[in-house]
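Enquirer: Fold the following for me, if possible:
(2 chains)
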Amino acid sequence: MLDPGPEKVIGPGHDFETVTTKIGGVVFMPFLRTPRQLFIGFACAFVLVNLFLVAVTWLFAKGVGVWGIVIPVAWGFAIVNFVWWIGIGHAGTLISAILLLLKQDWRTSINRFSEAMTLFAVACAGMFPILHLGRPWLAYWLLPYPNTMWLWPQPRSPLIWDVFAVSTYASVSFLFWFTGLIPDFGTMRDGAVKSWQQRIFGVLAMGWRGSAKHWARYQKAYLLLAGLSTPLVVSVHSVVSFDFAISILPGWHTTIFPPYFVAGAIYSGFAMVLTLAIPIRRWYHLEDLITMRHIECMAKVMLGTGLIVAYGYAMEAFMGWYSGNQFERFLFWNRAWGGHYFWTYWLLILCNILLPQLLWSRRVRLNILAVFLLSLVINTGMWLERFVIVVTSLERDFTPSAWGRYYPTFWDIATFVGTIGVFLSLMFLFVRGVPAISMFEMREVIHEEAGHAHGD
Amino acid sequence: MLTETRVAGQLKLYGLMAEFSQPEPLLEAARRAYAEGYRKMDAYAPMPVEGLADAIGFHSNAVQRCVFIAGLLGASGGFGLMWWITVIAFPHNVAGRPLNSWMAYIPITFECMVLLACFTAVISMLALNGLPEPYHPVFNVAQFARASRDKFFLCIEASDPKFDIDATRDFLAGLNAEEVLDVMP
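Expert: So this is what the prediction gives:
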């Protein structure tokens, strides 16, 4: 058994060389020696990529009418998926930035991995608003640029804040990820045997040579990136929640949305990190680098953020009643009991609040299968949460004459499932082509562990 | 061996390099080299080593300054652009709100600050480090391939006024170095 148990962040017997060989070895592994599960996983994901391409082609050919969106439910699946994906991304930034500032030792072997997850999740998220535009080839109209019509975006609208927030987030996530990779590209360049590998990693490493001067500036830049990303990640999901909260629609117009959305984002993001990390650590035998301590810490963060989300749900229900506003009261009644989508509300309560309470038990947190299944449950629950917020609120606004019903079509589902394929394909390529665990930070962990051993 | 170094000495070395297998001896060696009066030197490690930059006498806060200025520029640029759009370029009455509704500009101001500051952090770090740099003499040392894996190096450069091929070699050998290596230019 490779796993050193829930107390250690790294297995015994590792030194600078073994950790480099182990992490780098995953990339330098001959193509056909790749674990079989990765081939199967990539093949399945790639089928979904093709489904996505078909769905998008059909959408471009026919227009957004192929989706189930109607008036009043003009947002539908596209915005549900957008919020879901961008929320998933947030755990990556939380792990790499906030946990770096908090000096959490269990951050190190999962940060690279979750930054990549962020990047791919934001890529999936970013596609939806553009696909939803109806005329996606005019997406650049969202940006302020001088044009012959002398028209400018309206910066009083949260939808424009969102354009800035999401594009900044995507760029900064990429920078953070790439900056973390530069020293490791240097290691890969020096360890590569084949000349094409040396060339590719040599170009990516940009001549990194690990000089003390390099490291000094590097650490400052990295710390500044972390310090800037920390408020950024909070701002991005707050701005996403403003898309809803600044409208006057019952069920959206509420001040609890920003903190509740941020907590929900981290909740679903940690669930996705676990969904990905658990199989990959097993397939590549990385149990001594991603240990039960990592799994348990992530499970605890899920439990904590899940409770904040539960508070958010409770407040929504309470404010519906306490506001004394008939529209707010009706909305909650319709959402939880009267509406035809009432079952999605109870399913989300089950997935997001009831089942995750099992994580209070240490036995459950240390049971890898249970944690994996719970992470899937929470991912589902968080998707349902966004569905409930978007769809049930829009279906029943103020006047019954304006009410409508929303049913997703095959193309809605195909686009959504397709982005899961895009995301998973990119993740499979990432763990195969780039060191999925930060090697230089693992060396620091080893050095610290050795220092503790001498100190005792 | 002696003739070899003489030949190497005539070839105008880039410098001399001492190899270590742990960070602590490197740190100690760097401190002693600085105390000895060497200034043009650099230490190489596969990971950040606390205090190593101080030990070779390197201090810089240029990255922070660049990032601070970029953050100010980003924030004022973002705010200025939004103000210019809503007040000058495209004045548009939305439900009687003032044209200069500055509170609504704050999210974009913040995002622009973060965007510019982050790009500046990375670009200034790379630029000040002189990267991308396709060629550097230290890579001529075969063992240096392990500087990115598990070995630690201290290189005293020949351009240092105190550099003397024999004296410096003896000095480095006396620092508990595993090996002292010539670095070809």
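Enquirer: what's the helix or strand for B:L16?
Expert: Assigned by DSSP states H and E, B:L16 falls within strand B:15-20.
Enquirer: do B:D182 as well
Expert: With DSSP H and E as criterion, B:D182 is part of strand B:179-183.
Enquirer: what's the average pLDDT for the strand holding B:L16?
Expert: Strand B:15-20 shows a mean pLDDT of 91.
Enquirer: repeat for stretch A:247-265
Expert: pLDDT averaged over stretch A:247-265 gives 92.
Enquirer: and for it, what are the contacting residues?
Expert: For stretch A:247-265, the surrounding residues in contact (C-beta atoms under 8 Å, 6 or more residues apart in numbering or on different chains) are A:83, A:86-91, A:233-234, A:237-238, A:240-242, A:244-246, A:305, A:308-309, A:311-312, A:315-316, A:319, A:325, A:327-328, A:330-332, A:335, A:382, A:385, A:389, A:392-394, A:397-398. Every residue, glycine included, has its C-beta placed from N, CA and C.
Enquirer: Among those residues, which ones are in helices?
Expert: A:83, A:86-91, A:233-234, A:237-238, A:240-242, A:244-245, A:305, A:308-309, A:311-312, A:315-316, A:319, A:327-328, A:330-332, A:382, A:385, A:393-394 (DSSP state H).
Enquirer: next one: phi and psi at B:N176?
Expert: Phi and psi for B:N176, reported as degrees, to the nearest 10, are phi 60, psi 30.
Enquirer: okay, now it: neighbour count?
Expert: Here the number of neighbours of B:N176 (other C-beta atoms under 10 Å in any protein chain shown) works out to 14.
Enquirer: Backbone dihedrals for the most centrally placed residue in chain B, please?
Expert: Closest residue to the average C-alpha location of chain B: B:N129 at 4.2 Å, with C-alpha atoms, centre = their mean. Per-residue torsions, B:N129: phi -80, psi 0 (degrees, to the nearest 10).
Enquirer: can you check B:C155 too?
Expert: phi -120, psi 120.
Enquirer: any idea how far B:Y34 is from the closest residue to it other than its chain neighbours?
Expert: Leaving aside its chain neighbours, B:C155 sits nearest to B:M17 (4.4 Å; criterion: C-beta to C-beta, 6 or more residues apart in numbering or on different chains). Distance of B:M17 to B:Y34, given as C-beta to C-beta, to the nearest Å: 16 Å.
Enquirer: more neighbours, those two?
Expert: B:M17 (28 against 16).
Enquirer: OK, contacts around the residue nearest to the centre of chain B?
Expert: A:S211, A:K213, A:H214, A:R217, A:Y218.
Enquirer: hmm, try it at 10 Å
Expert: Contacts of B:N129 were listed using C-beta atoms under 10 Å, 6 or more residues apart in numbering or on different chains, and they are A:182, A:206-209, A:211, A:213-218, A:221, B:63.
Enquirer: likewise A:A55?
Expert: A:66-67, A:131, A:410-419.
Enquirer: Can you select the buried ones from those in ChimeraX?
Expert: Selection of the buried residues among the contacts of A:A55 in ChimeraX, burial being defined by 16 or more other C-beta atoms under 10 Å in any protein chain shown:
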select /A:66,67,131,411,412,414,415,416,418,419
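Enquirer: Which ones among the contacts of A:A55 lie within helices?
Expert: Counting by DSSP H, the contacts of A:A55 contribute A:L131, A:F410, A:W411, A:D412, A:I413, A:A414, A:T415, A:F416, A:V417, A:G418, A:T419 to helices.
Enquirer: Buried residues, the following helix or strand past the strand holding B:L16. List them.
Expert: Using DSSP H and E, the helix or strand that follows strand B:15-20 in sequence is helix B:23-36. Residues B:P23, B:P25, B:L26, B:L27, B:E28, B:A29, B:A30, B:R31, B:R32, B:A33, B:Y34 are the ones in helix B:23-36 that count as buried (16+ other C-beta under 10 Å).
Enquirer: pLDDT on helix B:23-36, on average?
Expert: Helix B:23-36 comes out at a mean pLDDT of 91.
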